[in-house]
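**Student:** with the sequence up front, the predicted model follows.
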Amino acid sequence: MSIIGTIIVGFIVGLIARAVKPGNDRMGIIMTTLLGIAGAFVARFIGQAMGLYGPNDPAGWIASVIGAVLLLFIFAMVRGRRRY
């Protein structure tokens, strides 16, 4: 997949993940896109570890969204611990 395609898919996955997870996640467009891309990588890594995906198989849409939601929960936990 091209870089532009990866960015577009990452943005869509990030938007879906932010819509699925309850709460207010203050992120811009760039962080949403990076969240979606990272969610796809997390889903692929976990899928390969479980034997669901081969070495060159991309993660599916649903798995990517689940990976992005998982990252959102981790991000919220880390961000919640900071006190200013």
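**Tutor:** Sure, I can see it. Everything quoted here is computed from the prediction, not taken from an experiment.
**Student:** can you give me the buried ones in the helix or strand harbouring residue 67?
**Tutor:** Per DSSP states H and E, residue 67 falls inside helix 61-81. Neighbour counts over helix 61-81 (16 or more other Cβ atoms under 10 Å) mark 63, 64, 65, 66, 67, 68, 69, 70, 71, 72, 75 as buried. C-betas here are computed from N, CA, C, even on glycine.
**Student:** per-residue confidence at residue 50?
**Tutor:** pLDDT, residue 50: 90.
**Student:** same question for residue 69.
**Tutor:** Value for residue 69, per-residue pLDDT: 90.
**Student:** grab the nearest non-local neighbour of it.
**Tutor:** Using Cβ to Cβ, 6 or more residues apart in numbering and skipping the chain neighbours, the partner closest in space to residue 69 is residue 17 (4.8 Å).
**Student:** other SSEs contacting the helix holding residue 67?
**Tutor:** Judged by 3 or more Cβ pairs under 8 Å, 6 or more residues apart in numbering; DSSP states H and E, the packing partners of helix 61-81 are helix 3-20, helix 29-49.
**Student:** send me it as PDB with only the CA atoms.
**Tutor:** The C-alpha trace of helix 61-81 is given here as PDB (Å, rounded to 0.1, in the frame of the first residue of the first chain):
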ATOM      1  CA  TRP A  61     -10.300  -3.300   9.400                       C
ATOM      2  CA  ILE A  62     -12.000  -4.600  12.600                       C
ATOM      3  CA  ALA A  63      -8.700  -5.800  14.000                       C
ATOM      4  CA  SER A  64      -7.100  -2.400  13.300                       C
ATOM      5  CA  VAL A  65     -10.000  -0.600  15.000                       C
ATOM      6  CA  ILE A  66      -9.600  -2.900  18.000                       C
ATOM      7  CA  GLY A  67      -5.900  -2.200  18.100                       C
ATOM      8  CA  ALA A  68      -6.500   1.600  18.000                       C
ATOM      9  CA  VAL A  69      -9.100   1.400  20.800                       C
ATOM     10  CA  LEU A  70      -6.600  -0.600  22.900                       C
ATOM     11  CA  LEU A  71      -4.000   2.200  22.300                       C
ATOM     12  CA  LEU A  72      -6.600   4.800  23.200                       C
ATOM     13  CA  PHE A  73      -7.300   3.100  26.500                       C
ATOM     14  CA  ILE A  74      -3.500   2.900  27.200                       C
ATOM     15  CA  PHE A  75      -3.100   6.600  26.200                       C
ATOM     16  CA  ALA A  76      -5.900   7.600  28.500                       C
ATOM     17  CA  MET A  77      -4.400   5.700  31.400                       C
ATOM     18  CA  VAL A  78      -1.000   7.300  30.900                       C
ATOM     19  CA  ARG A  79      -2.400  10.700  30.400                       C
ATOM     20  CA  GLY A  80      -4.700  10.400  33.400                       C
ATOM     21  CA  ARG A  81      -1.700   9.800  35.800                       C
END
